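Asks: just to be clear, the model below is a prediction. Sequence and coordinates:
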Protein chains: 2
Amino acid sequence: MSKQLPLVAMDACCAPLAREPLTQDQAVELSHLFKAMADPVRLRLLSLIASHAGGEACVCDLTDAFDLTGPTISHHLKVLRESGLITGDRRGTWIYYRVHPEVLARLSAVLTTTSEAVTA
Amino acid sequence: MSKQLPLVAMDACCAPLAREPLTQDQAVELSHLFKAMADPVRLRLLSLIASHAGGEACVCDLTDAFDLTGPTISHHLKVLRESGLITGDRRGTWIYYRVHPEVLARLSAVLTTTSEAVTA
DNA sequence: TCCTTAAATAGACGAATGTCTAAGCAGCTG
DNA sequence: CAGCTGCTTAGACATTCGTCTATTTAAGGA
């Protein structure tokens, strides 16, 4: 599990929110992504990974940034992974995570209110 | 309660996720907004309101679009309202909701992965 | 004034979520 | 192999969340 965009992420999604009403299916699909980001720990994880030198961070780096147990961080990483926002890549002892920028970009486009939308 | 951006929304927030790590406080603040959008019904409500003619929609319009009871819709509207994403405005018998485009735009900017970021 | 309609509030209840401890698996190194 | 470290999985538990029914408030019209 390291190069596929699982589930949801591939076509997520649609024209900007404000352009036309989301369908039920689109809304469900998008809600999975927003749900994945609807937690402060996961937002910080995402941000730590995305902004980390080289575009990737190992779990050990991440765990140290929080007052939480390893399993809890692991759980949050799993949620982010299953939503398609990040992927993990084992290299020897360590596992390195990186974000899928396209997914973030899609989400950003959906929230656009101006007409500069990326509908492609 | 109709012209103020309550709570969270005013300064939400920060540089793009991928630029630098979010602080704890920023993450908590943002998580409130994402949480508000982490539900299919609320996403569709938001989209229905944002894309509605005139930029506003009355609750009666919204309720009809779902197989849910009035109180449930009302609950979701309250969540959106309290997060600062929308405001309601009573005119006679009906209450009209509209989105705060700046808040959506801020969120969109936070998710930006390129350098076209709006840090202002 | 009384009735009707639009919408919100209150409270209940099952399902989902975030955290933990304990246990397991993967890869290194003596 | 044995033992260590990095990370995930399993399972438990309290809290939060989404939905409902019943009730309440606001505004209009007879």
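Replies: Nice, I can see it.

Asks: confidence score at A:Cys14?
Replies: According to the prediction, A:Cys14 has pLDDT 83.

Asks: for it, give its distance to chain B.
Replies: A:Cys14 is 9 Å from chain B, where distance means CB to the nearest CB, to the nearest Å. Every C-beta, even on glycine, is put in place using the N, C-alpha and C of the backbone.

Asks: what residues does chain A have near chain B?
Replies: A:17-22, A:24, A:27-28, A:30-31, A:34-35, A:37-41, A:43-44, A:46-48, A:50-51, A:65, A:99, A:101, A:104-105, A:107-109, A:111-114 (CB under 8 Å from any CB of the partner chain).

Asks: determine which residue lies closest to the centroid of chain A.
Replies: In chain A, the centroid-proximal residue (CA atoms, centre = their mean) is A:Leu85; its distance is 2.4 Å.

Asks: so of the residues of chain A next to chain B, which ones are in helices?
Replies: A:24, A:27-28, A:30-31, A:34-35, A:37, A:40-41, A:43-44, A:46-48, A:50-51, A:101, A:104-105, A:107-109, A:111 (DSSP state H).

Asks: weed out the non-buried ones from those residues.
Replies: With neighbours counted using 16 or more other CB atoms under 10 Å in any protein chain shown, these contain these buried positions: A:27-28, A:30-31, A:34-35, A:37, A:40-41, A:43-44, A:46-48, A:50-51, A:101, A:104, A:107-109, A:111.

Asks: so the residue nearest to the centre of chain A touches A:Leu33, yeah?
Replies: Yes - in terms of CB atoms under 8 Å, A:Leu85 counts as a neighbour of A:Leu33; the distance is 7.0 Å.

Asks: from A:Leu46, how far off is the residue lying closest to A:Ala50 once chain neighbours are set aside?
Replies: Leaving out its chain neighbours, the residue that sits closest to A:Ala50 by CB to CB, 6 or more residues apart in numbering or on different chains is B:Ala18, at 3.7 Å. Noted for B:Ala18: a distance of 9 Å to A:Leu46, by CB to CB, to the nearest Å.
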